[in-house]
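Asks: below are the sequence and a predicted model for it; my questions follow.
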Amino acid sequence: MLFDLTTQKFSLANARLCAQASKDTYLPLGEFNREAIGAISQQKINSDTAHVTVSDLGNCTLVTWRGTKEPIDWLTDLNALYENIKGCSIHKGIYDSVASVIEQVNAAVRDLGKPVVIDGHSLGGGQAMVNGYRSTWDIRAVYTFGQPRVGDPNFARLYDQTSKFPTFRVTNATDPVPWVPWLLGRYRHAGKEIFMPEPEFGFVAPDFLTAPSMVRKVFDDGLELWRLWRDIKSGNFAHLCQHPIERYIERLAA
């Protein structure tokens, strides 16, 4: 399956490919599912805090960062920001996890010698964004799914201003992970949001809101925050059911 490198716009086909790759990167070390994305070859690179699959798709290299297997951890993750990275602050845990494998990933990408697409789900989405920000590769696009916030307002501004590639941050309805770390911690999102609203409000997937308006976001985010607060008070994180990559694949395929 070839990634469409000709478009700078959000592509449903590209999103589906990246979501499937994000699902496959959860496979145990040494296991691959090349047929699912049509990869010619794949290599897994791991550390204690990062898990990456580098796939040769023929016309490009796909670098997929695996998410955490315990998404509930993101609801209480208040790790300090990593200061002074290109004039901004980045979440220390995410930055350090990328740094732990980046030399090996660089070597794998260099060996293939092709344009690069980066993707990831959950924590892997945050790692994908940091990877894109600090990389000198020939990056054509970044796709993330259910990604937490990565850095401070300076990071978000610099990322959007200096990136020569589009970044599409797909968020699913009431998935609470994109809300963390909290705004009160000075964290902000970068990239262009592709929001999949709750079907109960008259939207049927794959209807998306691309970079939704402030009015729409106030409504949707306010509703999401209320639901998340209700879940926290009850101890029942029901809306985490919107977070697994399988749920993203399901809605992208509808």
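Replies: Structure received.
Asks: compute the number of surrounding residues for residue 86.
Replies: Neighbour count for residue 86, taken as other C-beta atoms under 10 Å: 12. Every residue, glycine included, has its C-beta placed from N, CA and C.
Asks: the stretch 151-254 of the chain: strands as residue ranges?
Replies: 167-172, 192-196, 209-210 (DSSP state E, counting those that start in this stretch).
Asks: next, the angle from the first one to strand 192-196.
Replies: Going back to what we said before, that points to strand 167-172. Relative orientation of strand 167-172 versus strand 192-196 (axes from the mean of the first three to the mean of the last three C-alpha atoms, to 10 degrees): 20 degrees.
Asks: and strand 167-172, what does it pack onto?
Replies: helix 12-24, helix 123-134, strand 139-145, strand 192-196, helix 245-253 (3 or more C-beta pairs under 8 Å, 6 or more residues apart in numbering; DSSP states H and E).
Asks: go again with 6 Å.
Replies: strand 139-145, strand 192-196 (3 or more C-beta pairs under 6 Å, 6 or more residues apart in numbering; DSSP states H and E).
Asks: in its sheet, what does the shortest one sit against?
Replies: According to DSSP bridges, strand 192-196 forms sheet pairs with strand 167-172 (parallel), strand 209-210 (antiparallel).
Asks: could you identify which of these is most buried?
Replies: Most buried of these by mean neighbour count (mean count of other C-beta atoms under 10 Å) is strand 167-172; its value is a mean of 25.
Asks: contacts for it?
Replies: The contact list for strand 167-172 (C-beta atoms under 6 Å, 6 or more residues apart in numbering) reads 10, 142-145, 147, 178, 191-196, 242, 248.
Asks: which of the strands of the stretch 151-254 of the chain has the lowest average pLDDT?
Replies: Ranked by mean pLDDT, those bottom out at strand 209-210, which scores a mean of 70.
Asks: what is the neighbour count of residue 55?
Replies: 27.
Asks: now do residue 21
Replies: Around residue 21 there are 28 residues (other C-beta under 10 Å).
Asks: equivalent analysis for residue 144, please.
Replies: Neighbour number of residue 144 under other C-beta under 10 Å is 31.
Asks: what's the distance between it and residue 121?
Replies: 7 Å (C-beta to C-beta, to the nearest Å).
Asks: which residues are in contact with each of these two?
Replies: Joint contacts of residue 144 and residue 121 (C-beta under 6 Å, 6+ apart) do not exist.
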